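Undergrad: The following comprises the amino acid sequence and a computationally predicted model.
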Amino acid sequence: MLPKINTIVYACDLDNKTDSAMALVMSLAKAHGSKVVLMHAMEPLNAQATTMISNYISEDVRETMRQDAIVEINARMNALLSHFMTTYADELSTLAIEPETVLANGVPSECIQRTAKDKKADLIVMNSRTHSRISQMIIGSTANKVIHTSTIPVLVVPIK
């Protein structure tokens, strides 16, 4: 029996160049009757940045800034999804399940894996930029980490 794709997690970095990946995700969802989960990971600041910011900004101001960032990111995800659903309304009118958005906090590769597990995803779709070899060796790539640790298929869409 061929595998069924019931849920697709699209890990989106909210870049301006996500249209091709979003189109692919929606096409797959339509073809398979899948649920789409559009997710974004808010990466925490490293210890040095946190210490420096703590020296200059009070805790209540930091919390307000964090809440403002959450509101803005949720608005961007919803705007992206809304724009896409409106632009392709005729084609996407037959989607079986309304797409949902998830904002996760933490290391992106771990957030993607956790969201996929929580949503019982059958496929992870994500964008990937071209990085130099040195850049990949030093900082690694979120897509690379997910590809090598995922227990479900990962589809990587290049951004050019």
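TA: Yep, it's here.

Undergrad: The lengthiest strand in the chain packs against which elements?
TA: Longest strand in the chain by number of residues (criterion: DSSP state E): strand 35-42. Helices and strands touching strand 35-42, by 3 or more Cβ pairs under 8 Å, 6 or more residues apart in numbering; DSSP states H and E, are strand 7-11, helix 19-32, helix 59-87, strand 100-105, helix 108-118. Placement of C-beta: from N, CA and C, glycine included.

Undergrad: Next SSE downstream of the longest one?
TA: In other words, helix 59-87. helix 89-92 (DSSP states H and E).

Undergrad: Return the distance of that next one from the chain's centre.
TA: The chain centroid and the centroid of helix 89-92 are separated by 22 Å, computed with Cα atoms, centre = their mean, to the nearest Å.

Undergrad: So which elements touch that helix?
TA: Counting contacts by 3+ Cβ pairs under 8 Å, 6+ apart, helix 89-92 packs against helix 19-32.

Undergrad: Recalculate using a threshold of 10 Å.
TA: helix 19-32, helix 59-87 (3 or more Cβ pairs under 10 Å, 6 or more residues apart in numbering; DSSP states H and E).

Undergrad: on that earlier part again, any chance of the helices and strands packed on strand 35-42 in a markdown table, plus distance to Ile152, mean neighbour count and mean pLDDT?
TA: Below are the helices and strands packed on strand 35-42 laid out as a markdown table (distance: least, Cβ to Cβ, whole Å; neighbours: other Cβ atoms under 10 Å; pLDDT from 0 to 100):
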| stretch | distance to Ile152 | mean neighbour count | mean pLDDT |
| --- | --- | --- | --- |
| strand 7-11 | 9 | 26 | 95 |
| helix 19-32 | 14 | 18 | 89 |
| helix 59-87 | 22 | 13 | 88 |
| strand 100-105 | 16 | 16 | 91 |
| helix 108-118 | 6 | 19 | 95 |
